[in-house]
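Trainee: Mind looking at a prediction? Sequence and model below.
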Amino acid sequence: AEPSALARPSLKSVDPWTVLERLDHERAAIGFYFSGHPLDDYLNRLTKNPPTRISDLEEVIPPSGKVSLNLAGVVRAINQRRSKAGKPFAWVELSDPSGEVEITVFSETLTVARDLLEPGQLVWLSVKGERYEGSVRVTGEVVRSLDEIAAPKGTGLRIEVANAVAIEGVKRRLRDVGGADAAKAAHGYASLVMFLPEIGCEVTINLPQKVKASPAMRSALKLIEGVTAVELV
């Protein structure tokens, strides 16, 4: 007798990974980012005040003296220690698309910015660079969220959708991307735009709740089926 056909299992429909989720899984699986870098979505928002590339530090830090620089990247790791005086400090591993660097963060800066220095966080750092025993040494002085730099307060999202079905996916993304951090950082606005061919007009709906308007959110929304365009405005 022929074997009975197995019923096709029912698979739950889920949204695709966001770019940051995919990159996190790549790093967890193979130890490095493979298909891109978490900073990629942010670079075109930083052109007015571009950060120094990590790979350029050897070139821009002079043989003597200190120089002030800005760096942008994703925190890869943090190693906390205490000085002989008992004060906390940390070595922070920062990555951008050009390379990685270890940054020393002393007590005062670490106390203020500790929440931003978790692995996976995208940050903007004002640092001092100098030469020490022939090597580059970088000290962090001010740490800010990269979203604060790339999409300051007042930035919004203009989301174009092709149909009403896409709206549910947009709703999930606005709620879920970034988790609790997204809720705390929700200071922007969002508008949904849909063209209605049957009446030949465009309808714009301004959402009442604040959202996290950031390059990462823009990238995540673009992956939703039925979303035709997303702009930071």
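Mentor: Good, I have the coordinates.
Trainee: use CA for all of it now, contacts and neighbours both
Mentor: Will do.
Trainee: Tell me which residues are up against the helix or strand containing Ala72.
Mentor: Taking DSSP states H and E as the criterion, Ala72 maps to strand 67-82. Strand 67-82 is contacted from outside by 38-39, 51-54, 61, 88-96, 117-130, 146, using C-alpha atoms under 8 Å, 6 or more residues apart in numbering.
Trainee: Partner strands of it, with direction?
Mentor: strand 88-96 (antiparallel), strand 122-132 (antiparallel) (DSSP bridges).
Trainee: Go ahead and confirm Ala138 touches Lys128.
Mentor: I think there's a mix-up here, since residue 138 is Val and not Ala. Yes: applying C-alpha atoms under 8 Å, one finds Val138 in contact with Lys128, separated by 5.7 Å.
Trainee: more crowded one of the two?
Mentor: Comparing Val138 with Lys128 by other C-alpha atoms under 10 Å, the one with more neighbours is Val138, at 23 against 19.
Trainee: Quickly note the distance from that one to Glu93.
Mentor: Distance, Val138 to Glu93, using C-alpha to C-alpha, to the nearest Å: 11 Å.
Trainee: what do the two both touch?
Mentor: Going by C-alpha under 8 Å, 6+ apart, residues that sit against Val138 and also against Glu93 are 102-103.
Trainee: So for Tyr189, which of the strands paired with strand 67-82 sits nearest?
Mentor: Proximity to Tyr189, assessed across those by C-alpha to C-alpha, is greatest for strand 122-132 (21.3 Å).
Trainee: Tell me the strands beside the next helix-or-strand element following that closest one, with direction?
Mentor: Downstream of strand 122-132, the next assigned helix or strand under DSSP H and E is strand 135-145. Applying DSSP bridges, strand 135-145 is found paired with strand 99-105 (parallel), strand 122-132 (antiparallel).
Trainee: Can you lay out the ones you listed as CSV showing distance to Gly188?
Mentor: Output for the strands paired with strand 135-145, formatted as CSV (distance: least, C-alpha to C-alpha, whole Å):
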stretch, distance to Gly188
strand 99-105, 31
strand 122-132, 18
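Trainee: Can you tell me the element the closest residue to Phe32 other than its chain neighbours falls in?
Mentor: Closest residue in space to Phe32, ignoring its immediate chain neighbours: Glu26 at 6.6 Å, by C-alpha to C-alpha, 6 or more residues apart in numbering. Secondary structure from DSSP H and E places Glu26 in helix 19-30.
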